[in-house]
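In: have a look at this prediction, sequence included:
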Amino acid sequence: MEILKSAAILVIGFVLLIKGADFFVEGSSSVAKKFNVPSLIIGMTIVAMGTSLPELAVSVTAAITGNNTLAVSNVSGSNIFNLMVVCGACALFAPLTIEKNTLMKEFPFSIVCAGLLVVLGFIGMKLGRVDGIIFLVIFVAYLFWMIYSVKKARSEGDKFETEEEEMAEEIKILPMWKCLLYIVGGMIAIKFGGDFVVDSASALASAFGLSQTLIGLTIVAMGTSLPELVTSIVAARKNEVDMALGNVIGSNIFNILLVLGVAAAISPVKFLTDNIIDTVVLIAMSLVVLVFAWTSKMIDRREGATMLGMYAVYMAYICIR
(Lines give C-alpha, C1' and ligand atoms only; values in the text may rest on other atoms or scores of the structure.)
Protein backbone atom coordinates (compact mmCIF):
# COMPACT_ATOMS: atom_id res chain seq x y z
CA MET A 1 0.00 0.00 0.00
CA GLU A 2 2.82 2.40 0.91
CA ILE A 3 4.59 1.58 -2.37
CA LEU A 4 1.46 2.43 -4.40
CA LYS A 5 1.06 5.66 -2.42
CA SER A 6 4.70 6.63 -3.11
CA ALA A 7 4.31 5.79 -6.81
CA ALA A 8 1.16 7.93 -7.04
CA ILE A 9 2.89 10.86 -5.30
CA LEU A 10 5.84 10.46 -7.70
CA VAL A 11 3.53 10.76 -10.72
CA ILE A 12 1.76 13.78 -9.19
CA GLY A 13 5.19 15.33 -8.55
CA PHE A 14 6.22 14.91 -12.20
CA VAL A 15 2.94 16.48 -13.39
CA LEU A 16 3.40 19.45 -11.04
CA LEU A 17 7.02 19.90 -12.19
CA ILE A 18 6.23 19.82 -15.90
CA LYS A 19 3.06 21.95 -15.79
CA GLY A 20 4.61 24.31 -13.24
CA ALA A 21 7.60 24.86 -15.53
CA ASP A 22 5.24 25.58 -18.46
CA PHE A 23 3.24 28.15 -16.49
CA PHE A 24 6.38 29.79 -15.06
CA VAL A 25 7.97 30.14 -18.50
CA GLU A 26 4.76 31.49 -20.06
CA GLY A 27 4.22 34.05 -17.28
CA SER A 28 7.87 35.14 -17.12
CA SER A 29 8.18 35.42 -20.89
CA SER A 30 5.01 37.50 -21.09
CA VAL A 31 6.31 39.92 -18.43
CA ALA A 32 9.66 40.19 -20.27
CA LYS A 33 7.89 40.86 -23.55
CA LYS A 34 5.64 43.45 -21.88
CA PHE A 35 8.81 45.35 -20.87
CA ASN A 36 10.15 45.09 -24.46
CA VAL A 37 12.92 42.58 -23.72
CA PRO A 38 14.10 41.25 -27.14
CA SER A 39 12.87 37.79 -28.17
CA LEU A 40 16.52 36.74 -28.51
CA ILE A 41 17.14 37.32 -24.79
CA ILE A 42 13.81 35.77 -23.73
CA GLY A 43 14.38 32.70 -25.89
CA MET A 44 17.93 32.06 -24.78
CA THR A 45 17.27 32.58 -21.08
CA ILE A 46 13.72 32.01 -19.80
CA VAL A 47 12.44 29.68 -22.53
CA ALA A 48 15.69 27.73 -22.91
CA MET A 49 15.92 27.19 -19.14
CA GLY A 50 12.30 26.01 -19.00
CA THR A 51 13.10 22.38 -19.86
CA SER A 52 15.77 22.32 -17.12
CA LEU A 53 13.41 23.57 -14.39
CA PRO A 54 12.23 20.05 -13.37
CA GLU A 55 15.85 18.88 -12.95
CA LEU A 56 16.66 22.10 -11.07
CA ALA A 57 13.75 21.64 -8.66
CA VAL A 58 14.59 17.99 -7.96
CA SER A 59 18.33 18.55 -7.52
CA VAL A 60 17.95 21.64 -5.30
CA THR A 61 15.32 19.89 -3.16
CA ALA A 62 17.59 16.85 -2.90
CA ALA A 63 20.53 19.05 -1.85
CA ILE A 64 18.48 20.89 0.78
CA THR A 65 17.02 17.68 2.27
CA GLY A 66 20.37 15.88 2.34
CA ASN A 67 19.53 13.40 -0.45
CA ASN A 68 22.55 14.68 -2.35
CA THR A 69 23.25 11.52 -4.33
CA LEU A 70 19.89 12.07 -6.03
CA ALA A 71 21.06 15.50 -7.26
CA VAL A 72 24.06 14.26 -9.28
CA SER A 73 22.42 11.04 -10.51
CA ASN A 74 19.36 13.00 -11.70
CA VAL A 75 21.54 15.30 -13.84
CA SER A 76 23.74 12.49 -15.20
CA GLY A 77 20.72 10.28 -15.90
CA SER A 78 18.76 13.11 -17.56
CA ASN A 79 21.69 14.06 -19.79
CA ILE A 80 22.28 10.47 -20.92
CA PHE A 81 18.52 10.00 -21.50
CA ASN A 82 18.29 13.27 -23.47
CA LEU A 83 21.25 12.41 -25.68
CA MET A 84 20.65 8.72 -26.37
CA VAL A 85 16.87 8.27 -26.09
CA VAL A 86 15.46 11.66 -27.14
CA CYS A 87 17.84 12.06 -30.09
CA GLY A 88 17.85 8.34 -30.88
CA ALA A 89 14.04 8.16 -30.96
CA CYS A 90 13.85 11.29 -33.13
CA ALA A 91 16.34 9.82 -35.61
CA LEU A 92 14.05 6.81 -36.08
CA PHE A 93 11.33 9.12 -37.45
CA ALA A 94 13.60 11.30 -39.59
CA PRO A 95 17.39 11.76 -39.91
CA LEU A 96 18.67 14.49 -37.58
CA THR A 97 20.52 17.23 -39.43
CA ILE A 98 23.21 18.95 -37.39
CA GLU A 99 23.80 22.69 -37.38
CA LYS A 100 27.46 23.70 -37.86
CA ASN A 101 27.42 25.83 -34.71
CA THR A 102 26.18 22.91 -32.61
CA LEU A 103 28.75 20.54 -34.08
CA MET A 104 31.75 22.87 -33.83
CA LYS A 105 31.07 24.70 -30.56
CA GLU A 106 28.18 23.63 -28.33
CA PHE A 107 28.65 19.84 -28.56
CA PRO A 108 32.38 19.94 -27.66
CA PHE A 109 31.59 22.44 -24.89
CA SER A 110 29.01 20.04 -23.39
CA ILE A 111 31.70 17.34 -23.25
CA VAL A 112 34.10 19.80 -21.57
CA CYS A 113 31.40 20.57 -18.97
CA ALA A 114 30.95 16.85 -18.23
CA GLY A 115 34.74 16.49 -17.95
CA LEU A 116 34.88 19.41 -15.52
CA LEU A 117 32.15 17.73 -13.45
CA VAL A 118 34.26 14.56 -13.19
CA VAL A 119 37.39 16.52 -12.17
CA LEU A 120 35.68 18.74 -9.57
CA GLY A 121 33.63 15.82 -8.22
CA PHE A 122 36.71 13.59 -7.92
CA ILE A 123 38.59 16.23 -5.90
CA GLY A 124 37.36 15.56 -2.37
CA MET A 125 34.55 13.35 -3.74
CA LYS A 126 32.05 16.18 -3.48
CA LEU A 127 30.88 19.35 -5.21
CA GLY A 128 31.42 22.14 -2.71
CA ARG A 129 30.02 25.66 -2.70
CA VAL A 130 33.10 26.99 -4.52
CA ASP A 131 32.57 24.35 -7.24
CA GLY A 132 28.94 25.43 -7.51
CA ILE A 133 29.94 29.07 -7.91
CA ILE A 134 32.48 28.07 -10.61
CA PHE A 135 29.71 26.28 -12.52
CA LEU A 136 27.39 29.31 -12.21
CA VAL A 137 30.07 31.76 -13.39
CA ILE A 138 30.75 29.53 -16.43
CA PHE A 139 26.99 29.32 -17.02
CA VAL A 140 26.59 33.10 -17.08
CA ALA A 141 29.59 33.40 -19.42
CA TYR A 142 28.04 30.72 -21.66
CA LEU A 143 24.75 32.65 -21.86
CA PHE A 144 26.55 35.86 -22.85
CA TRP A 145 28.59 33.93 -25.42
CA MET A 146 25.43 32.42 -26.96
CA ILE A 147 23.71 35.79 -27.22
CA TYR A 148 26.86 37.41 -28.65
CA SER A 149 27.25 34.61 -31.23
CA VAL A 150 23.68 34.97 -32.47
CA LYS A 151 23.92 38.77 -32.66
CA LYS A 152 27.20 38.50 -34.56
CA ALA A 153 25.75 35.95 -37.01
CA ARG A 154 22.78 38.22 -37.66
CA SER A 155 24.96 41.26 -38.20
CA GLU A 156 26.85 39.27 -40.84
CA GLY A 157 23.59 38.49 -42.60
CA ASP A 158 23.31 34.81 -41.58
CA LYS A 159 19.89 33.38 -40.82
CA PHE A 160 20.40 32.19 -37.28
CA GLU A 161 17.28 31.67 -35.21
CA THR A 162 16.76 29.11 -32.48
CA GLU A 163 13.55 27.27 -31.74
CA GLU A 164 13.40 29.02 -28.36
CA GLU A 165 13.46 32.41 -30.08
CA GLU A 166 10.63 31.38 -32.39
CA MET A 167 8.62 30.32 -29.33
CA ALA A 168 9.45 33.61 -27.58
CA GLU A 169 8.24 35.61 -30.58
CA GLU A 170 4.93 33.73 -30.52
CA ILE A 171 4.29 34.37 -26.81
CA LYS A 172 1.18 36.42 -26.18
CA ILE A 173 1.30 39.37 -23.82
CA LEU A 174 -1.00 38.42 -20.94
CA PRO A 175 -2.63 40.76 -18.40
CA MET A 176 -0.26 41.44 -15.50
CA TRP A 177 -2.53 39.68 -12.98
CA LYS A 178 -2.47 36.53 -15.11
CA CYS A 179 1.33 36.77 -15.51
CA LEU A 180 1.75 36.97 -11.74
CA LEU A 181 -0.70 34.09 -11.27
CA TYR A 182 1.27 31.94 -13.75
CA ILE A 183 4.65 32.84 -12.21
CA VAL A 184 3.62 32.37 -8.58
CA GLY A 185 1.48 29.32 -9.35
CA GLY A 186 4.26 27.82 -11.45
CA MET A 187 6.82 28.36 -8.69
CA ILE A 188 4.51 26.76 -6.11
CA ALA A 189 3.88 23.78 -8.41
CA ILE A 190 7.62 23.39 -9.09
CA LYS A 191 8.42 23.61 -5.37
CA PHE A 192 5.89 20.99 -4.29
CA GLY A 193 6.58 18.87 -7.37
CA GLY A 194 10.26 18.75 -6.40
CA ASP A 195 9.37 17.82 -2.82
CA PHE A 196 7.00 15.06 -3.96
CA VAL A 197 9.49 13.57 -6.43
CA VAL A 198 12.43 13.54 -3.98
CA ASP A 199 10.41 12.21 -1.03
CA SER A 200 8.60 9.52 -3.03
CA ALA A 201 11.75 8.49 -4.92
CA SER A 202 13.60 8.10 -1.61
CA ALA A 203 10.68 6.09 -0.18
CA LEU A 204 10.58 3.79 -3.23
CA ALA A 205 14.35 3.29 -3.04
CA SER A 206 14.03 2.24 0.61
CA ALA A 207 11.01 0.02 -0.02
CA PHE A 208 12.70 -1.93 -2.80
CA GLY A 209 16.16 -1.89 -1.23
CA LEU A 210 17.56 0.15 -4.13
CA SER A 211 20.12 2.94 -4.03
CA GLN A 212 19.07 6.55 -4.54
CA THR A 213 21.63 6.70 -7.34
CA LEU A 214 19.76 3.99 -9.27
CA ILE A 215 16.38 5.67 -8.70
CA GLY A 216 17.87 9.00 -9.77
CA LEU A 217 19.39 7.56 -12.94
CA THR A 218 16.20 5.79 -14.02
CA ILE A 219 12.76 6.86 -12.78
CA VAL A 220 13.61 10.44 -11.72
CA ALA A 221 15.85 11.14 -14.75
CA MET A 222 13.25 9.84 -17.21
CA GLY A 223 10.43 11.72 -15.50
CA THR A 224 12.23 15.08 -15.49
CA SER A 225 13.23 14.57 -19.16
CA LEU A 226 9.66 13.97 -20.36
CA PRO A 227 9.25 17.55 -21.73
CA GLU A 228 12.29 17.11 -24.02
CA LEU A 229 11.15 13.64 -25.15
CA VAL A 230 7.55 14.62 -25.94
CA THR A 231 8.51 17.90 -27.67
CA SER A 232 11.21 16.26 -29.78
CA ILE A 233 9.11 13.26 -30.88
CA VAL A 234 6.18 15.53 -31.86
CA ALA A 235 8.62 17.65 -33.89
CA ALA A 236 10.14 14.54 -35.46
CA ARG A 237 6.73 13.22 -36.55
CA LYS A 238 6.16 16.57 -38.27
CA ASN A 239 9.61 16.26 -39.86
CA GLU A 240 10.80 19.35 -37.96
CA VAL A 241 13.94 17.89 -36.42
CA ASP A 242 16.49 20.55 -37.36
CA MET A 243 16.84 21.81 -33.79
CA ALA A 244 16.49 18.48 -31.92
CA LEU A 245 20.18 17.78 -31.21
CA GLY A 246 20.92 21.47 -30.56
CA ASN A 247 18.10 21.65 -27.99
CA VAL A 248 19.31 18.50 -26.24
CA ILE A 249 22.93 19.71 -26.10
CA GLY A 250 21.78 23.09 -24.73
CA SER A 251 19.63 21.38 -22.10
CA ASN A 252 22.53 19.12 -21.06
CA ILE A 253 24.85 22.12 -20.63
CA PHE A 254 22.18 23.90 -18.55
CA ASN A 255 21.72 20.79 -16.39
CA ILE A 256 25.39 20.56 -15.43
CA LEU A 257 26.23 24.24 -15.07
CA LEU A 258 22.94 25.69 -13.77
CA VAL A 259 21.28 22.77 -11.95
CA LEU A 260 24.37 21.36 -10.20
CA GLY A 261 25.78 24.87 -9.80
CA VAL A 262 22.74 26.02 -7.83
CA ALA A 263 22.48 22.74 -5.88
CA ALA A 264 26.16 22.77 -4.86
CA ALA A 265 26.09 26.49 -4.00
CA ILE A 266 23.17 25.84 -1.62
CA SER A 267 24.60 22.70 -0.01
CA PRO A 268 27.75 20.68 -0.82
CA VAL A 269 26.79 17.67 -2.96
CA LYS A 270 28.34 14.30 -2.12
CA PHE A 271 30.01 12.57 -5.07
CA LEU A 272 30.10 8.75 -5.26
CA THR A 273 32.27 6.45 -7.36
CA ASP A 274 29.11 5.52 -9.30
CA ASN A 275 28.58 9.22 -10.12
CA ILE A 276 32.07 9.38 -11.64
CA ILE A 277 31.41 6.22 -13.69
CA ASP A 278 28.05 7.55 -14.93
CA THR A 279 29.56 10.90 -15.92
CA VAL A 280 32.38 9.13 -17.76
CA VAL A 281 29.70 7.06 -19.54
CA LEU A 282 27.99 10.34 -20.50
CA ILE A 283 31.29 11.61 -21.95
CA ALA A 284 31.87 8.35 -23.85
CA MET A 285 28.34 8.35 -25.28
CA SER A 286 28.69 12.03 -26.22
CA LEU A 287 31.87 11.23 -28.14
CA VAL A 288 30.12 8.39 -29.99
CA VAL A 289 27.22 10.67 -31.00
CA LEU A 290 29.71 13.40 -31.97
CA VAL A 291 31.45 10.91 -34.30
CA PHE A 292 28.06 9.92 -35.79
CA ALA A 293 27.21 13.58 -36.36
CA TRP A 294 30.67 14.52 -37.66
CA THR A 295 30.99 11.78 -40.29
CA SER A 296 27.85 12.60 -42.27
CA LYS A 297 26.66 15.88 -40.66
CA MET A 298 23.51 14.02 -39.61
CA ILE A 299 22.29 11.14 -37.44
CA ASP A 300 20.39 8.56 -39.51
CA ARG A 301 17.94 5.84 -38.47
CA ARG A 302 20.63 3.17 -38.12
CA GLU A 303 22.67 5.39 -35.82
CA GLY A 304 19.51 6.32 -33.88
CA ALA A 305 18.77 2.63 -33.31
CA THR A 306 22.39 2.12 -32.20
CA MET A 307 22.02 4.95 -29.66
CA LEU A 308 18.84 3.38 -28.22
CA GLY A 309 20.62 0.02 -28.05
CA MET A 310 23.55 1.59 -26.17
CA TYR A 311 21.12 3.15 -23.69
CA ALA A 312 19.43 -0.25 -23.14
CA VAL A 313 22.84 -1.82 -22.39
CA TYR A 314 23.62 1.02 -19.96
CA MET A 315 20.26 0.51 -18.21
CA ALA A 316 21.02 -3.20 -17.81
CA TYR A 317 24.46 -2.33 -16.40
CA ILE A 318 23.22 0.11 -13.73
CA CYS A 319 20.49 -2.32 -12.65
CA ILE A 320 22.94 -5.18 -12.00
CA ARG A 321 25.97 -3.27 -10.64
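Out: Nice, I can see it.

In: what are the boundaries of the strands in the stretch 51-200 of the chain?
Out: Shown for the stretch 51-200 of the chain, the strands assigned by DSSP state E, counting those that start in this stretch span residues 96-97, 126-127.

In: please identify the deepest-packed of the ones you listed.
Out: Among the strands of the stretch 51-200 of the chain, strand 126-127 has the highest mean neighbour count (mean count of other C-beta atoms under 10 Å), at a mean of 23. (Each C-beta comes from the backbone N, C-alpha and C, glycine too.)

In: which helices and strands sit right next to that strand?
Out: Applying 3 or more C-beta pairs under 8 Å, 6 or more residues apart in numbering; DSSP states H and E, one finds that strand 126-127 contacts helix 107-122, helix 260-266, strand 269-270.

In: so where's the stretch 151-300 of the chain uncertain?
Out: For the stretch 151-300 of the chain, applying pLDDT under 70 flags the ranges 153-154, 156-170, 231, 234-244.

In: hey, where'd the helices end up in it?
Out: 163-170, 176-208, 212-215, 221-224, 226-237, 244-254, 260-266, 273-296 (DSSP state H, counting those that start in this stretch).

In: take the strands of the stretch 51-200 of the chain and lay them out in a markdown table including distance to Leu217.
Out: Below are the strands of the stretch 51-200 of the chain laid out as a markdown table (distance: least, C-beta to C-beta, whole Å):
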| stretch | distance to Leu217 |
| --- | --- |
| strand 96-97 | 24 |
| strand 126-127 | 17 |
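
In: reformat those as JSON lines; add mean pLDDT.
Out: Shown next, in JSON lines, are the strands of the stretch 51-200 of the chain (pLDDT from 0 to 100):
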{"stretch": "strand 96-97", "mean pLDDT": "81"}
{"stretch": "strand 126-127", "mean pLDDT": "90"}
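
In: which one, of those strands, ends up nearest to Tyr142?
Out: Among these, the nearest to Tyr142 by C-beta to C-beta is strand 126-127 (18.0 Å).

In: report the separation between Trp177 and Val288.
Out: The gap separating Trp177 from Val288 is 50 Å, by C-beta to C-beta, to the nearest Å.

In: who has more neighbours, those two?
Out: Val288 (16 against 8; other C-beta atoms under 10 Å).

In: wait, the more buried one touches Tyr314, no?
Out: No: with contact defined as C-beta atoms under 8 Å, Val288 does not count as touching Tyr314 (11.7 Å).

In: tell me which of the strands of the stretch 51-200 of the chain lies nearest to Gly223.
Out: It's strand 126-127; of these, that one is closest to Gly223 (C-beta to C-beta) at 22.7 Å.

In: show me the contacts for the residue lying closest to Ala89 once chain neighbours are set aside.
Out: Sequence neighbours aside, Ile233 is the residue nearest to Ala89 in space, at 5.9 Å (criterion: C-beta to C-beta, 6 or more residues apart in numbering). Contacts for Ile233 were tallied using C-beta atoms under 8 Å, 6 or more residues apart in numbering; they are 86, 89-90, 93.

In: ranking the residues you listed by neighbours, who comes first?
Out: Val86 leads those on contacts (other C-beta under 10 Å) with 26 neighbours.

In: can you tell me how far that one is from Leu257?
Out: For Val86 relative to Leu257 (C-beta to C-beta), the value is 19 Å.

In: what of Ser155?
Out: Ser155 is 27 Å from Leu257, by C-beta to C-beta.

In: go on, Leu17?
Out: In terms of C-beta to C-beta, Leu17 sits 20 Å off from Leu257.

In: shaky segments in the stretch 1-150 of the chain?
Out: 39-40, 43-44, 68.

In: show residues contacting stretch 3-19.
Out: 53-54, 57-58, 189-190, 192-197, 199-201, 203-204, 207-208, 219, 223-224, 226-227.

In: just the buried members of those?
Out: 53-54, 57-58, 189-190, 192-197, 199-201, 203-204, 219, 223-224, 226-227 (16 or more other C-beta atoms under 10 Å).

In: contacting residues around the spatially closest residue to Ile138 that is not a sequence neighbour?
Out: The spatial neighbour of Ile138 that comes closest, neighbours along the chain excluded (C-beta to C-beta, 6+ apart), is Leu257 at 5.6 Å. Counting by C-beta under 8 Å, 6+ apart, Leu257 makes contact with 113, 135-136, 138-139, 142.
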